[in-house]
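Chemist: This is a predicted model, with the sequence first.
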Amino acid sequence: MHFETRCVHTGVDKDGTYLSATTPIYPTSTFRWDDLKTNRGFDYTRSGNPTRRALEENLAELEGGIDCRATCTGMSAITATMHMFQPGDHIIAGHDIYGGTYRLFDSLFRGMGIEFSFVKMGDPENIRKAAKPNTKCVWIETPSNPLLNIVDIAAVCNVAQEIGAITIADNTFLSPYLQRPFEFGVDVIVHSTTKYLNGHSDVVGGCVITRKKEHAERIGYVVNALGLACSPFDAWLVLRGVKTLGPRMEAHQRGAQALAEFLAGHSAVQKVYYPGLKTHPQHALAKTQQRGFGAMLSFDLEGGRPKVESVLAKLKLFQLAESLGGVESLIEYPDTMSHASMTEPARREAGITDKTLRVSVGIEHAEDLIADFAQALS
Ligand SMILES: *Cc1c(COP(=O)(O)O)cnc(C)c1O
């Protein structure tokens, strides 16, 4: 069956009693046993819950994995994957990964004895240069945040395999509708379901998807042991969101492409970062591994911070807010918002300037989005 059909149907049918068309929410902490030897597949909601299971079956199938664990945030999904490793293990990650992931790695897990190297993933040879005998994992995110650099997933997986490491990909920015990292050799996928998978800015959540039995067992054990699973209510919201993932992503990227082209042609804009523009240095690479270019874009304004403030004050449709992936368009200023936890030299080194703005394009009509920018930039 096609992707859109699987979004609507996979895992959903959980009510054998009344045959409800959608998955019920099972707000229960515990489940009755028939006798000492028998239960109906669930015993305690931290370990498993039918509503959460429906979401997990759905997401595992959409990414092409064998198992999924839905967690209470994207960060808890990433925390679960770090428990696949031991003190003394070495992990190589991209230098421009999500700020919260960088903080988790660099402060918490480094303090617990895991070693990290942060490299420019644009050239997979940098992985080989950073590799050590104890390298166990390569961590990638593509496109990157906020400047939309593309990582060659297949090339990274090849190098990782050669040095005896697994590859973990954070696929939050594109969702499985636009990019399926398992097809290029990735071993484990994480998502912040807060973003496109839920898609309506009304829940925080995450998931870990595996395609090998030993990884599935380890992640299942860790999520239960650490108590990272999401609530049945949150699982139900994300499951409802996923049903419209395909049509939403199409609408999102239709608006993003139109807005990126408009901004690229505007005299108040210095530079636009969007892989769907032919001028993007990795436009061709993006085409080989993505089914579309997504709906995140960034741009540099002429005039620096004062111009940034005047444009933000004039925009009406774009809410000044962090996060992304919801149906409503958002705009944010990485320098003091999403990337404030990086030092200023680190931000400049990564290419984030004091005139860079990041946009999460919603599903509003492209003409309205362009009209809003036209008046704000004038
Ligand atoms: C938001 C985000 C996260 C963290 O997810 P939360 O749901 O906020 O915990 C991780 N990775 C990426 C790429 C994100 O955008």
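Modeler: That came through fine.

Chemist: going forward, measure contacts between C-alpha atoms and count neighbours the same way
Modeler: Fine.

Chemist: Between its first and last residues, how far does stretch 343-360 reach?
Modeler: Stretch 343-360 has an end-to-end distance of 24 Å (criterion: CA to CA, to the nearest Å).

Chemist: Show me which positions of it end up buried.
Modeler: 344, 347, 352-360 (16 or more other CA atoms under 10 Å).

Chemist: what does stretch 223-242 give?
Modeler: Those would be 223-224, 228-242, for stretch 223-242 by 16+ other CA under 10 Å.

Chemist: swap in stretch 44-58?
Modeler: 45-58.

Chemist: Restrict that stretch to CA atoms and write it as CSV.
Modeler: Output of stretch 44-58 as CSV, limited to C-alpha atoms (Å, rounded to 0.1, in the frame of the first residue of the first chain):
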residue,chain,number,x,y,z
TYR,A,44,1.5,-1.8,33.2
THR,A,45,1.4,1.4,31.1
ARG,A,46,5.1,2.4,31.6
SER,A,47,5.9,-0.9,29.9
GLY,A,48,3.2,-0.9,27.3
ASN,A,49,-0.2,0.6,26.5
PRO,A,50,-2.6,-0.1,23.5
THR,A,51,-2.9,3.5,22.4
ARG,A,52,0.9,4.0,22.5
ARG,A,53,1.4,0.6,20.8
ALA,A,54,-0.9,1.8,17.9
LEU,A,55,1.4,4.8,17.4
GLU,A,56,4.5,2.7,17.6
GLU,A,57,3.3,0.2,15.0
ASN,A,58,2.4,3.0,12.7
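
Chemist: and stretch 79-96, anywhere near the ligand?
Modeler: No. Using CA under 6 Å from any ligand atom, stretch 79-96 stays clear of the ligand, coming no nearer than 9.9 Å.

Chemist: so where does residue 129 fall, helix or strand?
Modeler: helix 125-130 (DSSP states H and E).

Chemist: Convert the C-alpha atoms of that helix to PDB, please.
Modeler: Extracted C-alpha coordinates of helix 125-130, given in PDB (Å, rounded to 0.1, in the frame of the first residue of the first chain):
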ATOM      1  CA  GLU A 125      36.100  11.700   5.200                       C
ATOM      2  CA  ASN A 126      36.000  13.800   8.400                       C
ATOM      3  CA  ILE A 127      34.500  10.700  10.100                       C
ATOM      4  CA  ARG A 128      37.500   8.600   9.100                       C
ATOM      5  CA  LYS A 129      39.800  11.300  10.400                       C
ATOM      6  CA  ALA A 130      38.000  11.400  13.800                       C
END
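
Chemist: which strands and helices sit next to that helix?
Modeler: Contacts defined by 3 or more CA pairs under 8 Å, 6 or more residues apart in numbering; DSSP states H and E place helix 125-130 against strand 115-119, helix 153-162.

Chemist: Now the residue in the stretch 251-378 of the chain that the ligand sits nearest to. Nearest residue, chain neighbours left out?
Modeler: The ligand sits closest to residue 323 of the stretch 251-378 of the chain, with a gap of 6.2 Å, by CA to the nearest ligand atom. The spatial neighbour of residue 323 that comes closest, neighbours along the chain excluded (CA to CA, 6 or more residues apart in numbering), is residue 195 at 7.3 Å.

Chemist: ok, so what distance separates the one you found from the ligand?
Modeler: 7 Å (CA to the nearest ligand atom, to the nearest Å).

Chemist: for residue 289, what are its contacts?
Modeler: 153, 179 (CA atoms under 8 Å, 6 or more residues apart in numbering).
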